[in-house]
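Novice: Okay, predicted coordinates and the sequence, questions at the end:
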Amino acid sequence: MLIALHILAQILVMGRVLLRPHRDPASRIAWIVVILVLPVAGMLGYLLLGETSIGRGRIARMQAALAALPDPAAAPGHDAAPLRADVPEQYRPLFRVGQSISGHAPVGGNQARLTADSDAMIADLVADIDAATDHVHVLFYIWLPDNNGTRVAEALCRAAARGVACRALVDDLGSRALTRHALWRRMEDCGVRLARALPVGFVLVRPLHGRIDLRDHRKIVVIDNRITYCGSQNCADPAFLVKAKYAPWVDAVMRFEGPIARQNQHLFAGDWMCWAGEDITALLRRPITDVAPGFAAQVVASGPTVRHSAMPEMFQTLIFAARRELVITTPYYVPDDPMQGALCAAGNRGVATTIIFPARNDNFAIAATSRSYYAELLAAGVRIFEYQGGLLHTKSLTLDGEITLIGSANMDRRSFDLNYENNILLHDATLTTAMRARQDGYIAHSREVLAEEVAAWPWPRRLWHNAAAVFSPVL
């Protein structure tokens with residue numbers, strides 16, 4: 001009788017795997033294998049981690065917050081000539097894909113620079129907070145109460161003391177070291193308005209109301225509606241004490257001025273209104289004035305409640321658009337088949353395609369999975385480098401010396417399906433040249449992986465890489 005009930009439970013769970021929408025065949029097969037090989041653990045694993053629901057209540061709150069926001073394509077001053085994006089015809093489809101994901105049209109009149117390194121980025125951010133006159137908004141996936149984390153917190157306290165509206169939002173799981181620390185309470189006492197995204201609550205009950213590992217992975221700063229930051233860096237020291245043995249963590253962040261800040265403001269407002277319950281839409285209705293000449297840029301944001309396959313579609317569109325050169329940095333590479341195929345196609349059609357990974361990864365399973373794709377990429381002519389100077393955490397893509405994508409999204413299934421991410425797509429040869437120089441700096445501190453080396457890997461290593469790849473859809 002118990003055996004029959006167990007088999008029936010397996011059949012029902014496997015039926016749910018097959019009936020869930022937006023799941024690619026490889027993912028379905030992987031979960032069915034897990035359920036058959038590990039019957040009890042596999043069924044529990046799927047029910048807890050196999051679906052991308054954040055819970056009906058949370059979805060309703062998020063939808064209500066987003067419904068209250070102004071149309072992102074109709075921002076004040078959007079039709080003014082300085083805001084019109086001057087994008088060459090061959091690149092306009094890229095921005096149309098970006099707009100289809102999060103509603104933001106490319107907007108002109110932007111200036112930006114690539115910050116020198118992680119500590120310099122924090123110094124720039126503190127200086128901007130100290131100069132703020134109206135508001136400061138920050139959102140981080142991980143915010144640690146270390147040296148850099150404390151510097152930013154103290155700057156927010158100073159700004160709040162002089163009457164600047166300061167709002168800080170963190171992911172509840174990623175920033176638990178801060179929210180449990182006295183620094184969090186100190187910010188609150190100073191008048192900084194605080195909120196936690198996707199609160200975990202009681203860990204044993206949380207899975208009953210949605211996946212516990214769906215996280216807000218975004219890194220957003222908006223100051224006075226005119227300055228914004230975008231990149232891969234969390235609010236922490238490069239030593240990154242929670243995973244110090246992989247340090248330093250190497251990131252890239254751009255500081256923007258111009259109308260693109262309003263798009264990041266729109267993104268922050270949606271998250272803030274959902275998790276803090278405070279309506280800040282008035283900031284989005286202020287006119288955009290004093291726009292100087294500048295390049296075109298666009299915020300591209302994604303998440304489990306955004307349309308399915310948004311970020312993979314953005315990456316694939318960029319890869320297929322490459323005609324001369326494509327350079328990518330990502331710490332986590334767990335592609336779906338179309339992504340892997342797009343990269344191989346770029347190499348096979350003669351595009352100088354380079355991808356840079358960290359030599360040591362903080363996730364051993366993802367590291368193994370990434371290396372299972374090396375042989376196919378190398379056979380297509382893609383050059384692979386492994387960075388030796390720490391954990392390369394930068395998420396960047398440069399295209400033909402003119403297009404850059406920078407932000408929080410990795411090229412893995414977690415960023416594709418589970419995390420809320422933010423990126424900026426821009427068209428500017430000067431800024432792209434700066435990003436390419438940074439990528440070249442990474443290459444200079446990397447070791448090139450050659451096809452002969454991969455072919456000589458012993459069979460136990462290849463077995464481990466390929467086995468990890470088989471189960472990559474459930475990672």
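Specialist: Nice, thanks for sending it over. Residues are numbered from 1 along each chain as shown.
Novice: C-alpha from now on. contacts and neighbour counts both.
Specialist: Noted.
Novice: is it true that Gln233 touches Asp117?
Specialist: No: the pair Gln233 and Asp117 does not pass the contact test of CA atoms under 8 Å, sitting 9.8 Å apart.
Novice: Show me which of those two is the more surrounded one.
Specialist: More neighbours sit around Gln233 than around the other of Gln233 and Asp117, counting by other CA atoms under 10 Å; the figures are 30 against 15.
Novice: pLDDT value on the more buried one, please?
Specialist: In the prediction, the pLDDT value recorded for Gln233 is 97.
Novice: Could you list the low-pLDDT ranges of the stretch 351-475 of the chain?
Specialist: The model of the stretch 351-475 of the chain has pLDDT under 70 over residues 473-475.
Novice: list the buried ones in stretch 373-384?
Specialist: For stretch 373-384, the neighbour count (16 or more other CA atoms under 10 Å) marks 373-375, 377-378, 380-384 as buried.
Novice: likewise stretch 307-315?
Specialist: 308-315.
Novice: what is the mean pLDDT for that stretch?
Specialist: Within the predicted structure, the mean pLDDT of stretch 307-315 is 89.
Novice: now swap in stretch 275-286 and tell me
Specialist: If you average the per-residue pLDDT over stretch 275-286, you get 93.
Novice: Next, count neighbours for Leu463.
Specialist: When neighbours are counted by other CA under 10 Å, Leu463 registers 14.
Novice: what about the host helix or strand of it, distance to the chain center?
Specialist: Taking DSSP states H and E as the definition, one finds Leu463 inside helix 459-470. For helix 459-470, the distance from its own C-alpha centre to the chain's C-alpha centre is 27 Å (CA atoms, centre = their mean, to the nearest Å).
Novice: okay, it in PDB with CA atoms only?
Specialist: What follows is the C-alpha trace of helix 459-470 in PDB, where atoms were taken according to Å, rounded to 0.1, in the frame of the first residue of the first chain:
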ATOM      1  CA  TRP A 459      38.100  11.200 -17.800                       C
ATOM      2  CA  PRO A 460      37.100  11.600 -14.100                       C
ATOM      3  CA  ARG A 461      37.300  15.400 -14.500                       C
ATOM      4  CA  ARG A 462      35.300  15.300 -17.700                       C
ATOM      5  CA  LEU A 463      32.800  13.000 -16.100                       C
ATOM      6  CA  TRP A 464      32.300  15.400 -13.200                       C
ATOM      7  CA  HIS A 465      31.900  18.400 -15.600                       C
ATOM      8  CA  ASN A 466      29.400  16.600 -17.800                       C
ATOM      9  CA  ALA A 467      27.400  15.200 -14.800                       C
ATOM     10  CA  ALA A 468      27.100  18.700 -13.300                       C
ATOM     11  CA  ALA A 469      25.900  20.000 -16.700                       C
ATOM     12  CA  VAL A 470      23.200  17.300 -16.900                       C
END
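Novice: buried stuff in that helix?
Specialist: Buried residues in helix 459-470, defined by neighbour count with 16+ other CA under 10 Å: 462, 465-466, 468-470.
Novice: Report the contact partners of Ala469.
Specialist: Contact analysis of Ala469 by CA atoms under 8 Å, 6 or more residues apart in numbering lists 368-370, 372.
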